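Student: Provided below for reference: sequence and predicted model.
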Amino acid sequence: MPVAKSNHREEAQHMKTRITEMFGIEHPIIQGGMHYVGFAEMAAAVSNAGGLGIITGLTQGTPEKLANEIARCKDMTDKPFGVNLTFLPTVNSPDYPGLVRAIIEGGVKAVETAGNNPAQVLPYFKDAGVKVIHKCTSVRHSLKAQSIGCDAVSVDGFECGGHPGEDDIPNMILLPRAADELDIPFVASGGMADARSLVASLAMGAEGMNMGTRFIATKEAPVHENVKKAIVAASELDTRLVMRPLRNTERVLTNEAVERLLEKERALGADLKFEDIIEEVAGVYPRIMSEGDMDAGAWSCGMVAGLINDIPTCKELIDGIMAEAEVLIRQRLAGFLDG
């Protein structure tokens, strides 16, 4: 049971970590970039609540649209916010140079990179004073990110929604391993929902946490109400791993389309090709996130859905986490040392 309720009225104490210092934020909580969720409304709500909100670059698609979204976010918050830029191994590559330019010209000072190695864009960000945090699913990728000059990493455990990589190492092992090896600061990502997540992550060497799924189930998240309700209704048993045979594993919330996809994977075995499952995975996000068609296809969701039982505002969520974290640290943990 939580030690304190999330409607905690007291102003939470500020927590200073290498991550809050690096990004100029009040609380060590980052909202991960999420496809068709990371719009200006989402990022501004998290940043206004003292965390680091993130606009998802590839959801915007073009440099012009991203520049417009950054401008919209600036109208909604005067606090720092970032942009997620995911490097995909695609044939029809997005205009990455243009997107990088939009970020820098928009005055954004934080970028969350993900996917392929971001080395080619780092010099531009460095020159512009932009801090880069790279999303990694393994210690070796984290060390690579450190070696090419990333300022921080987001260490993503097997529990996470979206792409957990192919190593299947959960955060109880992955975070202490990262702490043993890394010099740059890192945040815990995957399975993060509340004060317990934050305090545990700090205990294992992280400097904060990155929450994805938890932020979808908030008042301000610009997604259909059906999506929020699906997360609240789901337990920790309701996610599935799809595309394992293609070595492009993704953790998604189960639904009719997902079970159909898994049946195809079983039936086709080693003969499975991306084309076989394209209708369940390609272009489904607008239909799900905007229109609320919950069986349209596979969409990223973490096991953490089992810990999500309400739809607070971002401020209520973050204030509650920080107030409860203080209680956990000062009372529960310190209490073990008394006597």
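Tutor: Ah, there it is.
Student: if I look at Gly165, how far off is Ala270?
Tutor: Distance, Gly165 to Ala270, using C-beta to C-beta, to the nearest Å: 21 Å. Glycine gets a C-beta too; all of them are placed from N, C-alpha and C.
Student: Tell me who's in contact with the closest residue to His163 other than its chain neighbours.
Tutor: Spatially, and ignoring its direct neighbours in sequence, His163 is nearest to Glu250 (5.5 Å; C-beta to C-beta, 6 or more residues apart in numbering). Going by C-beta atoms under 8 Å, 6 or more residues apart in numbering, Glu250 touches 162-163, 241-243, 281, 298, 300.
Student: Then Phe158?
Tutor: Here Phe158 is in contact with 164-165, 167-171, 174, 190 (C-beta under 8 Å, 6+ apart).
Student: cool, Thr59 as well?
Tutor: By C-beta under 8 Å, 6+ apart, the neighbours of Thr59 are 35-39, 285.
Student: Give me the next element, helix or strand, following whatever helix or strand it lives in.
Tutor: Taking DSSP states H and E as the definition, one finds Thr59 inside helix 57-60. Using DSSP H and E, the helix or strand that follows helix 57-60 in sequence is helix 63-76.
Student: Okay, now the sheet partners of the following helix or strand past that following helix, with direction.
Tutor: Once the chain leaves helix 63-76, the next helix or strand it forms, by DSSP H and E, is strand 81-87. Counting by DSSP bridges, the strands paired with strand 81-87 are strand 53-56 (parallel), strand 110-115 (parallel).
Student: and strand 81-87, average pLDDT?
Tutor: Strand 81-87 shows a mean pLDDT of 97.
Student: Find me the pLDDT at the closest residue to Gln146 other than its chain neighbours, would you?
Tutor: Nearest-residue entry for Gln146: Ile184, 5.0 Å, with adjacent residues in sequence omitted and distances by C-beta to C-beta, 6+ apart. Ile184 is assigned 98 on the pLDDT scale.
Student: Please shift the residue numbers so they start at 15 in all later answers.
Tutor: Done: numbering now begins at 15, and the last item shifts to Ile198.
Student: Isn't Ile198 up against Ala166?
Tutor: Yes - assessed by C-beta atoms under 8 Å, Ile198 is found in contact with Ala166 at 5.5 Å.
Student: between the two, who's got more neighbours?
Tutor: Set Ile198 next to Ala166 and count neighbours by other C-beta atoms under 10 Å: Ala166 wins out with 26 against 20.
Student: Tell me how far the residue nearest to that one when sequence neighbours are not counted lies from Cys328.
Tutor: Closest residue to Ala166 apart from its sequence neighbours, by C-beta to C-beta, 6+ apart: Ile147 at 4.2 Å. For Ile147, the distance to Cys328 (C-beta to C-beta) stands at 20 Å.
Student: what do you get for Gly112?
Tutor: Noted for Gly112: a distance of 30 Å to Cys328, by C-beta to C-beta.
Student: Give me the more crowded residue out of those two.
Tutor: Cys328 (24 against 14).
Student: Quick one: residues contacting the more buried one.
Tutor: Cys328 makes contacts with 59-60, 62-63, 65, 229, 232-234, as judged by C-beta under 8 Å, 6+ apart.
Student: Same check on Leu275?
Tutor: With contact taken as C-beta under 8 Å, 6+ apart, Leu275 is in contact with 256, 291, 294-295, 312.
Student: if you set the cut-off to 10 Å instead, what comes out?
Tutor: 254, 256-257, 266, 269, 290-291, 293-295, 311-312 (C-beta atoms under 10 Å, 6 or more residues apart in numbering).
Student: same deal with Ala248?
Tutor: Contacts of Ala248 by C-beta under 10 Å, 6+ apart are 227, 231, 267-268, 315-320, 322.
Student: State the distance from it to Thr100.
Tutor: 24 Å.
Student: cool, Gly349 as well?
Tutor: 43 Å.
Student: just to revisit the earlier point, tell me, what's touching Ile198 and Ala166 both at once?
Tutor: Common neighbours of Ile198 and Ala166, counting by C-beta under 10 Å, 6+ apart, are 32, 36, 147-148, 156, 159-160, 221.
Student: Which strand or helix spans His148?
Tutor: Assigned by DSSP H and E, His148 falls in strand 145-150.
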